[in-house]
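Peer 1: Need a 3D model of the following:
(one chain, ligands or ions: 2)
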Amino acid sequence: MTSRRHPRGWLRHYAGLLMPDAASATRASFERDAGERLQRLSATVADRTWGGARNRPRMRALTAAPGARLRWREVAAPPPPGPLGAIVRPIAASTCDMDCPVMLGATPIALPLHLGHECVAEVLSVGEQVSTVRPSDRVIVPFQINCGECAPCRAGHTGSCMSVPPLSMYGFGVAAGHWGGAFSEQLAVPYADAMLVPLPDGIDPAAAASVADNVCDAYRHIGPHLPAVLADDPDAEILILGAVSRRSLFTPSCTLYTGLIARALGARQVYLADSRAGVRAHAERLGMDALHPNQLRRRAPFPLVADVSAASLGLALSCTAPDGICSSSGGLHRRARIPFVQMYIRNVTLHVGRTHVRALMPEVLDLMTRGALRPETVTTTIAPLEDAPAVLREHFLGGDSVKTVLTA
Ligand SMILES: [Zn+2]
Ligand SMILES: [Zn+2]
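Peer 2: Residues are numbered from 1 along each chain as shown. Ligands and ions are numbered 1, 2, ... in the order given. You can find the predicted model right below:
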């Protein structure tokens, strides 16, 4: 049993936004297309304060404010889609591991915001140039906005799309450009053909909701690297590093998905290290070998290490074998001590960054349709979307939740 978490209030949350780490995140999001980002912000403000959206139909969206306060709000529904766009209705929306620290007010992401960025949705309407999806289709909505046409999109770097400002995402409010949240009645998708992926037959929407982010985020730690590692040694041991403190603010769904994906792609020996006993028990049930991070000091280093919770990059790197690869979700708002000398001597490759979710979705869905990957084994709560405020508050503060999926 993990102890309950305590959210920061307004004052501590906003004081945190003034810290240097928060400022550098803000700088990164304004390094290109700052004008467009400010335009989206002012349009949102105009909708709310001057009734700019007075003539638009209303919908409900879940608003998250400091103090882990969640409530449904009546807001303007998105306007009709542009020629390339679509309007969708989320039918299964899930929590991302990042939502918990965001809700606790412990990240550089400013509250309040419209929460949620992982969902399967039903298409309500499409623009006249959209050809791959139609109204009533069920689709997975990637959390990153991408156009499919620019050079990064065509190269598969869909998280770096040049047609929208940097870090354009659902569910992160002003920090990500005000694209709305998945815990709502409607969501606007600006590039429907490029972004939306039809839900394969036979896959439950609740099982696929997290493919919109966390499952693909897990895949990028393993998919690009494991084949070469197993080609060198079919019995290679893989390490997934989750939390090193029992008080970690991140929920562990991505940690567990990473282990599932390593096994689905052929790793025979997958170790998952996490300081939380409940996470280790869950990992064992899913066929992994669970370790406490303290036990890693006594083990030989691993040729592939996935530092999923970005809890201790230094530990992840010191666990990486000579000529091995360490894939890290990055420090986000934390600082890391990097053992450069050891990395130099061992010839370690470190990869830090975000997922390119849209590009990876087909590979992940292929594993799911073949029955090799079952993300639903990670889910701990399924509840009606209607109950979102109470169910999610418990998810964020309760301390033992892994993944909550809300269905409509
Ligand atoms: Zn996320
Ligand atoms: Zn693009």
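
Peer 1: From now on I want contacts and neighbour counts done on CA atoms only, so please keep to that.
Peer 2: Fine.

Peer 1: any idea how far the top helix by length along the chain is from the chain center?
Peer 2: Identified as the longest helix of the chain according to DSSP state H is helix 34-49. Here helix 34-49 shows a centroid-to-chain-centroid distance of 25 Å under the convention C-alpha atoms, centre = their mean, to the nearest Å.

Peer 1: Same check on stretch 26-42?
Peer 2: On C-alpha atoms, centre = their mean, the centre of stretch 26-42 falls 21 Å from that of its chain.

Peer 1: For that stretch, list the C-alpha coordinates in CSV.
Peer 2: Listed in CSV are the C-alpha atoms of stretch 26-42, where the atom choice follows Å, rounded to 0.1, in the frame of the first residue of the first chain:
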residue,chain,number,x,y,z
THR,A,26,8.6,27.7,-21.9
ARG,A,27,11.5,28.9,-24.0
ALA,A,28,11.5,25.6,-25.9
SER,A,29,7.8,25.8,-26.7
PHE,A,30,8.2,29.4,-28.1
GLU,A,31,11.3,28.8,-30.2
ARG,A,32,9.3,28.6,-33.4
ASP,A,33,5.8,29.9,-34.5
ALA,A,34,5.4,32.0,-31.3
GLY,A,35,2.9,34.2,-33.1
GLU,A,36,0.6,31.2,-33.9
ARG,A,37,0.9,30.0,-30.3
LEU,A,38,-0.1,33.4,-29.0
GLN,A,39,-3.0,33.6,-31.5
ARG,A,40,-4.4,30.3,-30.2
LEU,A,41,-4.0,31.5,-26.7
SER,A,42,-5.8,34.8,-27.4
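
Peer 1: List the buried residues for it?
Peer 2: When neighbours are counted by 16 or more other C-alpha atoms under 10 Å, the buried residues of stretch 26-42 are found to be Thr26, Ser29, Phe30, Arg37, Leu41.

Peer 1: likewise stretch 336-350?
Peer 2: For stretch 336-350, a neighbour-count test (16+ other C-alpha under 10 Å) marks Met343, Asn347, Val348, Thr349, Leu350 as buried.

Peer 1: Among those, which one lies nearest to Glu122?
Peer 2: Leu350 (39.0 Å; C-alpha to C-alpha).

Peer 1: Give the helix, strand or coil label for that closest one.
Peer 2: strand (DSSP: H, G, I helix; E, B strand; the rest coil).

Peer 1: What of Val341?
Peer 2: Following three-state DSSP, we place Val341 in the helix state.

Peer 1: what mean pLDDT does stretch 257-273 have?
Peer 2: Mean pLDDT, computed over stretch 257-273, is 98.

Peer 1: possible to save the buried residues of stretch 336-350 as JSON lines with pLDDT?
Peer 2: Formatted as JSON lines, the buried residues of stretch 336-350 follow (pLDDT from 0 to 100):
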{"residue": "Met343", "pLDDT": "95"}
{"residue": "Asn347", "pLDDT": "97"}
{"residue": "Val348", "pLDDT": "97"}
{"residue": "Thr349", "pLDDT": "97"}
{"residue": "Leu350", "pLDDT": "95"}
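
Peer 1: any chance of those in a markdown table, plus distance to Tyr191?
Peer 2: Listed next are the buried residues of stretch 336-350 as a markdown table, based on distance: C-alpha to C-alpha, whole Å:
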| residue | distance to Tyr191 |
| --- | --- |
| Met343 | 41 |
| Asn347 | 41 |
| Val348 | 38 |
| Thr349 | 35 |
| Leu350 | 33 |
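
Peer 1: What is the most widely separated pair among those residues?
Peer 2: By the measure C-alpha to C-alpha, Asn347 and Leu350 form the most distant pair in the buried residues of stretch 336-350, at 9.7 Å.

Peer 1: residue in the stretch 151-300 of the chain nearest to ligand 2?
Peer 2: Among the residues of the stretch 151-300 of the chain, Cys161 lies closest to ligand 2, at 3.6 Å counting by C-alpha to the ion.

Peer 1: For that residue, grab the count of nearby residues.
Peer 2: 24 (other C-alpha atoms under 10 Å).

Peer 1: Please apply the same query to Asp213.
Peer 2: 28.

Peer 1: Next to ligand 2 in this structure, residues from the stretch 1-150 of the chain, please.
Peer 2: Asn146, Cys147, Gly148, Cys150 (C-alpha under 5 Å from the ion).

Peer 1: Is it possible to mark the buried ones in those residues?
Peer 2: Counted by 16+ other C-alpha under 10 Å, these give Asn146, Cys147, Gly148 as buried.
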